[in-house]
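Participant: please find the sequence and the predicted model below.
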Amino acid sequence: MAGNNPVAQFKISVIEEFSFLGYDISFTNSSLLMLISTLTIGYFMFPRKNGSSDHVPSRFQVAQEVVFSAISDMVHDSIGKKAKHYFPFIFTLFLFILSANMWGMLPVPGLGAFTSTSHIAVTAMLALIVFCVVIAVGVKNAGLGYFAHFAPKGVPLPMQFIIVPIEIASFLARPVTLAVRLCGNMVAGHIVLKIFGTFIVSLLGAGFLAVLGILPFFILLAMNALEFFVAFLQAYIFATLSCIYISESVEAH
């Protein structure tokens with residue numbers, strides 16, 4: 001019954017075994033999907049000529065400009081004057097997560113449907129990269145004084161013993177929530193789709209009860225459309241929160 005197990009779709013399988021200095025660095029289905037996601041970004045953003053004598057952009061170029069403008073506006077609204085320094089990072093982050101989420105909705109020949117962002121190891125590493133950037137930006141702008149925000153000015157010394165641990169815990173919770181939010185939404189959505197799809201297949205194979213599977217089938221189509229929207233939304237939320245955290249470090253002085 002492994003085929004009906006809604007959690008089986010998240011299983012990591014080894015495609016090619018590798019090891020380096022005793023560490024297992026095997027190439028897995030997760031690695032392959034992340035590689036495909038990266039290549040998809042390169043293909044989507046690669047400059048193309050329209051092929052015509054006029055200057056009317058093609059539909060592909062329009063799509064590129066819409067995505068570019070949307071993320072650019074979001075970064076500038078969040079970070080402000082220094083947004084251009086961090087736009088490439090946020091734009092790449094958004095496209096990678098979006099591409100990985102979208103590929104998770106499509107069956108890959110020989111692998112089936114697999115979402116690399118459904119694994120906490122992947123989302124945690126993305127969140128860790130974001131917070132390394134956040135800390136680096138804060139130290140660059142304010143020096144070691146950046147860490148002084150853990151001890152707010154004007155707070156009595158006895159209260160600092162309470163406030164400082166709370167501020168540190170709050171700061172450290174941010175990458176955790178970033179990672180868990182993305183991973184949790186991808187896992188939950190795909191499990192629901194799997195369970196609902198299995199239920200519909202069972203109804204369609206139940207003889208005279210097959211007619212009862214028609215309505216759930218159309219509901220499943222609507223749920224798939226919703227899951228595509230969630231895939232986009234989670235990538236946008238991850239990028240937006242990353243911008244907000246970077247903005248706080250940019251303004252730290």
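Facilitator: Nice, thanks for sending it over.

Participant: show me where pLDDT drops low in the stretch 51-200 of the chain?
Facilitator: For the stretch 51-200 of the chain, the stretches with pLDDT under 70 are 51-56, 109-111.

Participant: which residue ranges of it form helices?
Facilitator: Shown for the stretch 51-200 of the chain, the helices assigned by DSSP state H, counting those that start in this stretch span residues 59-79, 83-103, 120-142, 157-204.

Participant: please identify the most buried of the ones you listed.
Facilitator: The highest mean neighbour count among the helices of the stretch 51-200 of the chain, using mean count of other C-beta atoms under 10 Å, belongs to helix 83-103: a mean of 20. In this view, the C-beta of every residue, glycine as well, is placed from N, C-alpha and C.

Participant: and that one, how far out from the chain's middle?
Facilitator: Helix 83-103 sits 9 Å away from the centroid of its parent chain (C-alpha atoms, centre = their mean, to the nearest Å).

Participant: what does that helix contact?
Facilitator: Around helix 83-103, the neighbours that count as contacts under C-beta atoms under 8 Å, 6 or more residues apart in numbering are 33-34, 36-38, 40-41, 44-45, 67-68, 71-72, 74-76, 79, 115-117, 122, 126, 129-130, 133, 137, 182, 186, 228, 231-232, 234-236, 238-239, 242-243, 246, 250.

Participant: and the angle from that helix to helix 157-204?
Facilitator: An angle of 30 degrees separates the directions of helix 83-103 and helix 157-204 when computed by axes from the mean of the first three to the mean of the last three C-alpha atoms, to 10 degrees.

Participant: distance of the residue most central in space within the chain from R181?
Facilitator: Compute the mean C-alpha point of the chain, and by C-alpha atoms, centre = their mean the closest residue is I97, 3.5 Å away. I97 sits 11 Å away from R181, taking C-beta to C-beta, to the nearest Å as the criterion.
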